[in-house]
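Peer 1: task: produce atomic coordinates for the following.
(chains A and B)
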Amino acid sequence: DAGITQSPRHKVTETGTPVTLRCHQTENHRYMYWYRQDPGHGLRLIHYSYGVKDTDKGEVSDGYSVSRSKTEDFLLTLESATSSQTSVYFCAISEYGGSSGANVLTFGAGSRLTVL
Amino acid sequence: GQQVMQIPQYQHVQEGEDFTTYCNSSTTLSNIQWYKQRPGGHPVFLIQLVKSGEVKKQKRLTFQFGEAKKNSSLHITATQTTDVGTYFCAREGGSEKLVFGKGTKLTVNP
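Peer 2: Next up, the predicted model:
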């Protein structure tokens, strides 16, 4: 697969604690995305980025923030984790955006987060 | 962008049987993508369909895009245990976003 790594791969934390997930890519792709996957809901977009310091919200952005200070890194932060944020989080990258008609995503291996 | 509806949500087949999953939209799609996620894995891109009525094949997998560009299907002929996983369709959701269906989970009995 393309050079995309997520860290940590597994994390258990307690309600109310801050959590940051990191996505790192070596492909120099412009677009980066954070999705969460839950049973019965498929993949839902949290936030995405279309360049350094350029980010926008997805359909389930409440309780999450993101930052992209470098092309290769896209961070997802849960300021105060809640049990409803227990999920598997996938980062994805794309060379082209949606308007190009070639917005093919390459996914990372995922980060499993459990909030107790 | 509106979500795409996938049916069925689950499908259990005997090895060697055929399998089909459907993806439906209430609005016209510019294109449709299909991804496969193996158990415990991450989604992997399979194919993109762009043209009305388009049909593409990948070995035992046949992908179709409807004439009205509002629906798509993935058909697997003579399933094998390696086909196990969840199949997602995805549409462009505007502003660089990709919106996924909820997926069809396929299990295959050997």
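Peer 1: neighbours around the closest residue to residue B:4 other than its chain neighbours, how many?
Peer 2: Closest residue in space to residue B:4, ignoring its immediate chain neighbours: residue B:101 at 4.4 Å, by CB to CB, 6 or more residues apart in numbering or on different chains. (Glycine included, C-beta is placed from N, CA and C.) Counted with other CB atoms under 10 Å in any protein chain shown, the neighbours of residue B:101 add up to 27.
Peer 1: and the pLDDT for residue B:101?
Peer 2: At residue B:101 the predicted local distance difference test score is 94.
Peer 1: same deal with residue A:102?
Peer 2: Here, the pLDDT recorded for residue A:102 equals 73.
Peer 1: so it touches residue A:96, yeah?
Peer 2: Yes. At 4.5 Å, residue A:102 counts as touching residue A:96 under the criterion of CB atoms under 8 Å.
Peer 1: next up, the contacts around the residue nearest to residue B:4.
Peer 2: Remark: with contacts taken as CB atoms under 8 Å, 6 or more residues apart in numbering or on different chains, residue B:101 is in contact with A:42, B:3, B:4, B:5, B:6, B:23, B:88, B:89, B:90.
Peer 1: same question, residue A:40
Peer 2: Remark: with contacts taken as CB under 8 Å, 6+ apart, residue A:40 is in contact with B:9, B:102.
Peer 1: likewise residue B:53?
Peer 2: B:64, B:65, B:66, B:67.
Peer 1: quick one, phi psi at the first one?
Peer 2: Backbone geometry at residue B:64, expressed as degrees, to the nearest 10, gives phi -130, psi 150.
Peer 1: next, count neighbours for it.
Peer 2: 19.
Peer 1: for the helix or strand harbouring residue A:113, buried residues please.
Peer 2: When elements are assigned from DSSP states H and E, residue A:113 belongs to strand A:111-115. Residues of strand A:111-115 classed as buried under the neighbour-count rule (16 or more other CB atoms under 10 Å in any protein chain shown) are A:111, A:113, A:115.
Peer 1: now render those as a markdown table, adding distance to residue B:44.
Peer 2: Conversion of those to a markdown table gives the following (distance: CB to CB, whole Å):
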| residue | distance to residue B:44 |
| --- | --- |
| A:111 | 17 |
| A:113 | 22 |
| A:115 | 28 |
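Peer 1: so what would you say the end-to-end distance of stretch B:40-51 is?
Peer 2: Using CA to CA, to the nearest Å, the span of stretch B:40-51 from its first residue to its last is 33 Å.
Peer 1: helices and strands of chain B: which one bottoms out on pLDDT?
Peer 2: Lowest mean confidence among the helices and strands of chain B (mean pLDDT, DSSP states H and E): strand B:98-100, at a mean of 90.
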